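In: 3D, please:
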Amino acid sequence: MIDFGFFIQIIPQLLSGLPLTLKLAGTSVLLGFGLALVLALAQQGEHKLAVWPIRTFVAVFRGTPLLVQIFLIYYGLGQFRPSLQAIGLWGLFREPYWCAILALTLNTGAYGSEILRGAIKNVPRGLGEAAQALGMSRLLTLRLVVLPIAFRQAIPAYGNEIILMVKGTSLASIITLLEVTGIARNLISESYRAIEVFMAAGAIYLFLNFLIVRAIAALEVRLTPYRSRS
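Out: Here you go, the predicted structure:
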């Protein structure tokens, strides 16, 4: 039988890990979006020397599990400790938090670059040509015409990626970070009540992702009001 009293009792303990979950997700999404935008724009050209390395990076990070990526960065970078110490980065990468941030950022950057690349490609070419015909430079056309339209088109798909990142933060518990899932693992080892603990943790993730879905839907309506009227 499920002990609902215990279920309610552990909610505050699990919520104590929520700030770290939000910090991991928020930081990685923001950094990943910047990386994704750079990669997406770099793939708009025809320079194979720039495009193929990016596509290889995207294929690797989209084709391998996030858990493997976290392990490779957290444990694998330890093999390069002398080199990292020489350039002053070992103090950063010996911390599990920053290793998790790096893995999550690279992962979401790879997925996000494909989302943005497709959105930019879907912007009608005639809009850019019309803007340049009015005297806008290519950079100004990109900033004021192409990217705003592409961002609006990418909102639903990128919203899904944000939700995946929130859930992906649960893997950070594998490298000793005490976010929601990390605390849940400790509670299970103490109480041996896996069902109640994981149900409570799942409820927290569900509620958090529900809020994200509503926020993304509100943003989509705000940026594309004509769709809400149709």
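In: show residues contacting the helix or strand encompassing residue 166.
Out: Using DSSP states H and E, residue 166 sits within helix 147-168. The contact list for helix 147-168 (C-beta atoms under 8 Å, 6 or more residues apart in numbering) reads 21, 25, 28-29, 32-33, 66, 104, 107-108, 111-112, 115-116, 118-120, 122-123, 127, 205, 208-209, 212-213, 216, 219-220, 223-224. (Each C-beta comes from the backbone N, C-alpha and C, glycine too.)
In: give me that answer again for 6 Å
Out: 25, 28-29, 66, 108, 111-112, 115-116, 119-120, 122-123, 209, 212, 216, 220, 223-224 (C-beta atoms under 6 Å, 6 or more residues apart in numbering).
In: what is the mean pLDDT for that helix?
Out: Per-residue pLDDT over helix 147-168 has a mean of 93.
In: and whatever helix or strand comes next after that helix, what does it pack against?
Out: Going down the chain from helix 147-168, the next helix or strand is helix 180-191, by DSSP H and E. For helix 180-191, the elements it packs on are helix 4-15, helix 194-223, judged by 3 or more C-beta pairs under 6 Å, 6 or more residues apart in numbering; DSSP states H and E.
In: hey, least reliable of these by pLDDT?
Out: For the helices and strands packed on helix 180-191, where the average pLDDT is lowest is helix 4-15, sitting at a mean of 88.
In: got the angle for it vs helix 180-191?
Out: Relative orientation of helix 4-15 versus helix 180-191 (axes from the mean of the first three to the mean of the last three C-alpha atoms, to 10 degrees): 140 degrees.
In: buried residues of the helix or strand harbouring residue 130, list them for me.
Out: Per DSSP H and E, residue 130 falls inside helix 125-133. Using 16 or more other C-beta atoms under 10 Å as the test for burial, helix 125-133 gives 128, 131.
In: what comes up buried for the strand or helix carrying residue 68?
Out: In this assignment (DSSP H and E), residue 68 forms part of helix 66-71. Residues of helix 66-71 classed as buried by neighbour count (16+ other C-beta under 10 Å): 66, 69-71.
In: ditto for stretch 11-24
Out: 14, 17, 20-21, 24.
In: how long is that stretch end to end?
Out: With C-alpha to C-alpha, to the nearest Å as the measure, stretch 11-24 spans 20 Å from end to end.
In: just how off-centre is that stretch within its chain?
Out: 17 Å (C-alpha atoms, centre = their mean, to the nearest Å).
In: rewinding a little: quick one: the buried residues of stretch 11-24 as TSV, columns for distance to residue 159 too.
Out: Shown next, in TSV, are the buried residues of stretch 11-24 (distance: C-beta to C-beta, whole Å):
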residue	distance to residue 159
14	25
17	24
20	22
21	18
24	18
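In: in strands only, show me those residues.
Out: Judged by DSSP state E, strands contain none of the buried residues of stretch 11-24.
In: ok so, going back, so which of the helices and strands packed on helix 180-191 is nearest residue 145?
Out: For residue 145, the closest of the helices and strands packed on helix 180-191 is helix 194-223, at 14.8 Å, according to C-beta to C-beta.
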